[in-house]
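[1] sequence-free structure coming up:
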């Protein structure tokens, strides 16, 4: 490894607002503390929470960097006290609580994973936040089992494309909703059993038709709003709905009788504020159950586009356009 510099280029949020508020800055390279590693960043994933933070709606948790960026790949450049899982020069990918839009980034040693040879460093930068979100919400919180049917709203997103692949690899069926024909085709190519265009089709009726009237056993929803009651209609008896975002709004008028009559479970979670111990436990489960799929190339991120770090504003314009299929990544 080259000597770590004292200064680095980062992308800061100059004020809450549109993509234009993302501006390059020069800052001191952070020093890893106990249980931490310093990563020389190769790539940083771009995610919806980054957009929310830029707009002033998603502040970083106490002690985290104020810079956006929740997942990175790169090489280990320095080790904090007690960091023993990785060594200098190791190629890793990691969830981070913030700070990914930078040339160097602090990560928890226990949350960093070795980059499988089957992945490029750009692909690795698109993995951690998405994979951990899907793993925890679909399989740990949602309890998806082989033979069950998963409905994913936003099937062509980074979350959606990862959920399709994992559900199919682990023996479940996958139905998705999308807003365009090219997105439907991309999801079907990944292995989705059915892709429903929500602009021209009623997803409740189509899910019922695709499941012989039974409905979806698990629904992964990032929309909220009026989808909440429609999810109750589309769910099977004893179905589960897991909420991971509210792109359509956090409020709705819902007939909760359906929750009782169908014995539904409606839960939700956020990843960023979770404790380091919780995140380390997720990483351990992923390394045991998902890493073999990544190493074999059976699961990999769908890459939409790559932007230079300094073009982070353009990357945000791309994700906000909702025209992307898969992941958007910054190359550092």
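    That came in fine, so what should we check first? No experiment lies behind these values; they were computed from the predicted model shown.
[2] which ones are touching the one residue sitting closest to the centre of the chain?
    What sits nearest the mean C-alpha location of the chain, by C-alpha atoms, centre = their mean, is residue 130, with 2.3 Å. By C-beta atoms under 8 Å, 6 or more residues apart in numbering, the contact set of residue 130 is 45, 47, 71, 158-159, 162, 301, 327. No exception for glycine: its C-beta is placed from N, CA and C like everyone else's.
[3] then residue 58?
    49, 52, 272.
[4] any idea how far the strand ranked longest in the chain is from the middle of the chain?
    Using DSSP state E, we find that the single longest strand of the chain is strand 36-46. Relative to the chain's own centre, strand 36-46 is displaced by 16 Å; criterion: C-alpha atoms, centre = their mean, to the nearest Å.
[5] check stretch 49-60 too.
    How far stretch 49-60 lies from its chain's middle: 15 Å, per C-alpha atoms, centre = their mean.
[6] just stretch 304-323 next, same as before
    16 Å.
[7] residues of that stretch that come out buried?
    Within stretch 304-323, the residues that qualify as buried are 304-307, 309, 311-313, 315-316, 318-319, counting by 16 or more other C-beta atoms under 10 Å.
[8] quick one: end-to-end length of it, please.
    The first residue of stretch 304-323 is 9 Å away from its last residue (C-alpha to C-alpha, to the nearest Å).
[9] same question for stretch 280-300.
    For stretch 280-300, by C-alpha to C-alpha, the gap between its terminal residues amounts to 21 Å.
[10] other residues contacting that stretch?
    Residues outside stretch 280-300 that contact it (C-beta under 8 Å, 6+ apart): 95, 108, 110-111, 113, 116-119, 123, 127, 131-132, 135-136, 140, 162, 165-166, 169.
[11] how many other residues sit next to residue 324?
    By other C-beta atoms under 10 Å, the residues close to residue 324 number 20.
[12] cool, and the one 4 residues further on?
    The number of residues packed around residue 328, counting by other C-beta under 10 Å, is 21.
[13] what helix or strand is it on?
    strand 327-331 (DSSP states H and E).
[14] next, the angle strand 36-46 makes with that strand.
    Interaxial angle, strand 327-331 versus strand 36-46 (axes from the mean of the first three to the mean of the last three C-alpha atoms, to 10 degrees): 120 degrees.
[15] show me where the stretch 101-250 of the chain has helices.
    121-124, 128-134, 158-169, 181-190, 203-210, 227-234 (DSSP state H, counting those that start in this stretch).
[16] if we can go back for a sec, what pairs with the strand holding residue 328, parallel or antiparallel?
    Paired strands of strand 327-331, with direction, are strand 36-46 (antiparallel), strand 303-308 (parallel) (DSSP bridges).
[17] so what does the next helix or strand after the shortest one touch, helix or strand wise?
    The element immediately downstream of strand 303-308 (helix or strand, assigned by DSSP H and E) is helix 312-321. Helix 312-321 makes packing contacts with strand 22-28, strand 36-46, helix 48-54, strand 303-308, strand 327-331 when contacts are defined by 3 or more C-beta pairs under 8 Å, 6 or more residues apart in numbering; DSSP states H and E.
[18] how far away from the center of its chain is stretch 191-201?
    That offset, for stretch 191-201, works out to 21 Å (C-alpha atoms, centre = their mean).
[19] ends of it, what's the gap?
    End to end - C-alpha to C-alpha - stretch 191-201 spans 20 Å.
[20] what sits up against stretch 119-128?
    Residues contacting stretch 119-128 (C-beta under 8 Å, 6+ apart): 41-45, 70-74, 91, 93-95, 111, 113, 115, 158, 294, 300-301, 303, 306, 326-327, 329-331.
[21] in contact with residue 330, which residues?
    Contacts of residue 330 (C-beta under 8 Å, 6+ apart): 11, 43-46, 69, 101, 125, 306-309, 311-312, 315.
[22] re earlier: buried among the contacts of stretch 119-128? Make that a ChimeraX selection.
    Buried residues within the contacts of stretch 119-128, by 16+ other C-beta under 10 Å, are selected in ChimeraX with:
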select :41,42,43,44,45,70,71,72,73,74,91,93,94,95,111,113,115,158,294,300,301,303,306,326,327,329,330
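[23] and the closest residue to residue 143 other than its chain neighbours, how far from residue 258?
    Nearest residue to residue 143, sequence neighbours excluded (C-beta to C-beta, 6 or more residues apart in numbering): residue 240, at 6.6 Å. Going from residue 240 to residue 258 by C-beta to C-beta, to the nearest Å gives 14 Å.
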